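> Give me the fold of what follows.
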Amino acid sequence: MRFGNFPVSEVLVEQCLNIAHELFVSQSIDDAARAPMLLLDCAGGSGIEDRADSVARLPVSVSDGINEADVKVVLAESDIPAEHHDALVTAIQSIATTARECEARAFEVNPLVVLADGTACAADCRVTIDDYAVFRHPELGIEIARELDHPATELERIAYGVEQADHRGTFYFAQLPTDGHEDTKGLAGFHGAGGGGSMMSMDAVTNEGFTLANFCDTSGNPSAAKVYRAARIILSQDGLTGYFGSGSGVASQEQFHSAYGLAKAFNEMNMSLPVVIRLGGNAEDRAVEILEDACRDLPANVEGYRKDDTPAFCGGRFTTLVQERQDTSTSNDLSRSVPDYVGGNAEAFPIEGGHVWIDVESCDAELTAKMTDWSSGLLKDDGTGRPTLAVDEEEVAKADSEFIACEIECLRVGRPVLFVDLPIAGIDTDEGAA
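I've put the predicted structure just below:
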């Protein structure tokens, strides 16, 4: 059973309640006051936004909770009989205590009700736990520390695992409802970088008539490895007609790291879907050159743009490329491939999350000298013109992005002798060739 784009795993059947009175109670963190704040209205249910003037704002002590006298003043001005006030005060104090204990960013009970027999009861409740506190509350059974409007999908769980394993930069991924996308220009995989710029870029794609399959953000100076994994996860969605990436355009992060990660993902998948990527920010010229040059032999058109190219312009290019591809009926097959020497007699050494493979038999002194530079000195000539490690295994283990850069630079000169194998659990059928 599905609801929109998401599977239904549970159906909640509620008890029918004989309600006499309804209240709205919500505790959240007031960022300006840097303290908890309770909102209380003695008329619950829908339409609370339209009754803002009637909502009482009560400060909450971090140590002592609600001031019961403040709550009683609000209740005294309502039409709720006085004999029910003590039960409501106790319930509201419990709400504040529970919010503190579970470290909630927001704890809304709407409505808190008084039943015909005088019992106070939370008829409905929504709780948002602080993302950074989730690890302290395994008893809550939260799968991923993300505020989603649906149960986490398998790809969202995989993406969250990637983020938790690699804290270089940020990676956020959420799948979006796609009902009715058959009546649009197609389903677009979206890859943003920076919140505000990503929103503008999403608007640019939807304004062109596409449906977004997902929201994704890799920002805060992400590693090439993290960008690579993000791209692989985006491309794991079914039915995509293209891949659109665009961020703020003024990012301070070096854009070539993202270019290396994207180029690796697109080459590994032998990309056949049209791609438009806006790499605005530091070193954007180098980033665009890397991306387009490394992807020049792919079946798909891969175009890179800079900060002066507006999201709307890039959206227009995306439309053109998608239409051109549809006119030529290019295959939509996306499957991961690795070089033949992976798993064979090539040299291999482990890194975090995978292995690096080097076809040393195909190397010579000239290429090895370049690989030394491309790997930031992690490789050296072994004396026979072949590359070998120049540092210890502990330093190498954390150098996935440096080796991705080396892999793509080898590809650009037509000598793909190095491959970084980073299988993604849950997506790739195996756990790596080594």
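> hey, where'd the helices end up in the stretch 1-150 of the chain?
Under the criterion DSSP state H, counting those that start in this stretch, helices of the stretch 1-150 of the chain are mapped to 68-76, 85-101.
> Give me the average confidence score over the last one.
Read that as helix 85-101. The average pLDDT within helix 85-101 is 95.
> just stretch 118-136 next, same as before
When pLDDT is averaged along stretch 118-136, the result is 91.
> Also stretch 177-188?
On average, stretch 177-188 scores 90.
> again with stretch 424-433
Mean pLDDT, stretch 424-433: 72.
> Straight-line length of stretch 415-424, end to end?
End-to-end distance for stretch 415-424: 25 Å, by Cα to Cα, to the nearest Å.
> now swap in stretch 135-146 and tell me
Using Cα to Cα, one end of stretch 135-146 lies 12 Å from the other.
> mind starting the numbering at 5 from now?
Okay, using 5 as the starting number, the last item reads as stretch 139-150.
> For it, report the contacting residues that lie outside it.
Here stretch 139-150 makes contact (Cβ atoms under 8 Å, 6 or more residues apart in numbering) with Cys106, Glu107, Ile133, Asp135, Tyr136, Val138, Ala156, Glu160, Arg161, Tyr164, Tyr176, Ala178. Where C-beta positions appear, they are placed from N, C-alpha and C, glycine not excepted.
> and Ile52, what pLDDT?
74.
> Wait, it touches Asn114, no?
Yes - the pair Ile52 and Asn114 qualifies as a contact (Cβ atoms under 8 Å) at a distance of 6.9 Å.
> which of these two has more neighbours?
Asn114 (21 against 18; other Cβ atoms under 10 Å).
> The more buried one contacts Ala47, correct?
No - applying Cβ under 8 Å, one finds Asn114 not in contact with Ala47, separated by 10.6 Å.
> Mutual contacts of the two, please.
Phe28.
> Buried residues, stretch 165-182. List them.
166-167, 170, 172-180, 182 (16 or more other Cβ atoms under 10 Å).
> Just the residues contacting that stretch, thanks.
The contact list for stretch 165-182 (Cβ under 8 Å, 6+ apart) reads 8-10, 150, 152, 157, 159-160, 163-164, 191, 215-227, 229-230, 233-234, 237-238, 241, 257, 357, 405, 428-430.
> Looking at the residues you listed, which are in strands?
Among the contacts of stretch 165-182, the members falling in strands (DSSP state E) are Phe10, Leu191, Thr215, Leu216, Asn218, Phe219, Cys220, Asp221, Thr222, Ser223, Gln257.
> Going by neighbour count, which of those residues comes out on top?
Using other Cβ under 10 Å as the neighbour criterion, Thr222 leads the ones in strands among the contacts of stretch 165-182 with 31 neighbours.
> give the contact list for it.
When contacts are counted by Cβ under 8 Å, 6+ apart, Thr222 touches Gly173, Thr174, Phe175, His195, Gly196, Ala197, Lys230, Val231, Ala234, Ser262.
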